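Engineer: only geometry, no sequence info:
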């Protein structure tokens, strides 16, 4: 149970960091001048005292503004 809570905490922190970076929350309209948006997740594995912990790392994507 502690392992699952750790996984959720890390993933929530990464989502919050991405929201701060992009200037908008998940499923919200793009709110940054650079046009950066979320682009899915990548799977990673953290290794620590708790053993191996699979987590999902959010990705962002820079879209070029249309001219």
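Structural biologist: Good, I have the coordinates. Fair warning: this is a prediction, and the values are worked out from it, not measured in the lab.

Engineer: what sits against the residue lying closest to residue 53 once chain neighbours are set aside?
Structural biologist: The shortest distance from residue 53 to any residue other than its chain neighbours is 4.4 Å, reached at residue 46 (CB to CB, 6 or more residues apart in numbering). Heads up, the C-betas are built off the backbone N, CA and C, glycines and all. Taking CB atoms under 8 Å, 6 or more residues apart in numbering, we find residue 46 in contact with 10, 52, 53, 55.

Engineer: just the ones in helices from those residues, please.
Structural biologist: Within the contacts of residue 46, membership in helices is found for residue 10, as judged by DSSP state H.

Engineer: and the contacts of residue 46, which two are the farthest apart?
Structural biologist: The distance between the two most remote of these (CB to CB) is 12.9 Å, for 10 and 52.

Engineer: which of those two has more neighbours?
Structural biologist: More neighbours sit around residue 10 than around the other of residue 10 and residue 52, counting by other CB atoms under 10 Å; the figures are 16 against 9.

Engineer: surely residue 30 meets residue 24?
Structural biologist: Yes: applying CB atoms under 8 Å, one finds residue 30 in contact with residue 24, separated by 6.4 Å.

Engineer: more neighbours: which of these two?
Structural biologist: In this view residue 30 and residue 24 are compared by other CB under 10 Å, and residue 24 has more residues nearby, 17 against 14.

Engineer: need phi/psi at the more buried one.
Structural biologist: Residue 24 adopts backbone torsions of phi -160, psi 150, taken as degrees, to the nearest 10.

Engineer: in the sheet, who's paired with the residue nearest the centre of the chain?
Structural biologist: Among the residues of the chain, the one closest to the centroid is residue 58, at 2.7 Å (CA atoms, centre = their mean). Residue 58 has these beta-bridge partners by DSSP bridges: residue 41.

Engineer: distance-wise, check it relative to residue 46.
Structural biologist: 15 Å (CB to CB, to the nearest Å).
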